[in-house]
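Visitor: here is a sequence with its predicted model. Questions after.
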Amino acid sequence: MHSLLNPLAAGPRPAISKVLYEVGAEDLERSYPIAREVARLLVTDHGAVPRVYFSGRRSLHIYADFRPVPLPDPRDAYSRVYAGALEIIRADLGPEAGRALDSTFATPEHTSRVPFTRHEETGLLSIPVAVFDLPREADRAAVVIRRAAADPAAERSSASSSCPSALRTTSSGTARSPER
């Protein structure tokens with residue numbers, strides 16, 4: 001089940017300690033504000049630690065790490081837990097934004113792009129995105145993300161950039177805390 005089940009987290013029984021959300025609206029400019037809000041909700045309302053990644057095209061993937069929850073029966077457990085977690089965030093977002101959350105991740109067979117691999121259609125890299133350090137305006141944030149995905153080394157070393165780096169994270173690899 002893709003390392004989403006952690007067999008060591010709760011002793012001899014399997015446990016789940018992360019959920020993967022995919023925000024896939026029509027384009028990155030529409031996905032970004034929804035992903036930013038999902039990440040904020042995960043931190044402020046649910047105590048989870050979000051890690052956000054650009055897919056290289058239009059989606060943002062959000063890994064929500066949380067305290068391990070033991071699973072009584074691991075068969076189909078990920079699908080059940082994911083469906084419940086998805087409905088909680090959809091309810092928090094509202095119906096319009098909630099439709100951008102892709103439910104295909106409810107099956108363990110659905111894969112996510114490995115960070116720093118190139119998207120086969122766009123040639124852009126899948127990169128971590130520090131959503132709370134980027135501009136709130138989706139158009140400006142999308143420019144920064146695409147620029148960083150085209151050349152992350154240049155984006156990291158750019159001192160003259162007028163926008164914060166899309167790749168800036170804390171020492172633990174997570175984005176800093178959200179602001180409302």
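Guide: Arrived safely, thanks for sending. Numbering: from 1, shown residues only.

Visitor: please make it C-alpha for all contacts and neighbour counts, starting now.
Guide: Fine.

Visitor: wait, is residue 47 part of a strand?
Guide: No: judged by DSSP: H, G, I helix; E, B strand; the rest coil, residue 47 forms no part of a strand; its state is coil.

Visitor: how many residues are close by it?
Guide: By other C-alpha atoms under 10 Å, 14 other residues sit near residue 47.

Visitor: likewise residue 96?
Guide: With neighbours defined by other C-alpha under 10 Å, the count for residue 96 comes to 8.

Visitor: now do the same for it: helix, strand or coil?
Guide: helix.

Visitor: give me the pLDDT value at it.
Guide: We note a pLDDT of 80 for residue 96 in this prediction.

Visitor: now it: how far from residue 18?
Guide: Taking C-alpha to C-alpha, to the nearest Å as the criterion, residue 96 is separated from residue 18 by 25 Å.

Visitor: so what does the residue nearest to the spatial centre of the chain have for phi and psi?
Guide: In the chain, the centroid-proximal residue (C-alpha atoms, centre = their mean) is residue 62; its distance is 1.3 Å. Per-residue torsions, residue 62: phi -120, psi 110 (degrees, to the nearest 10).
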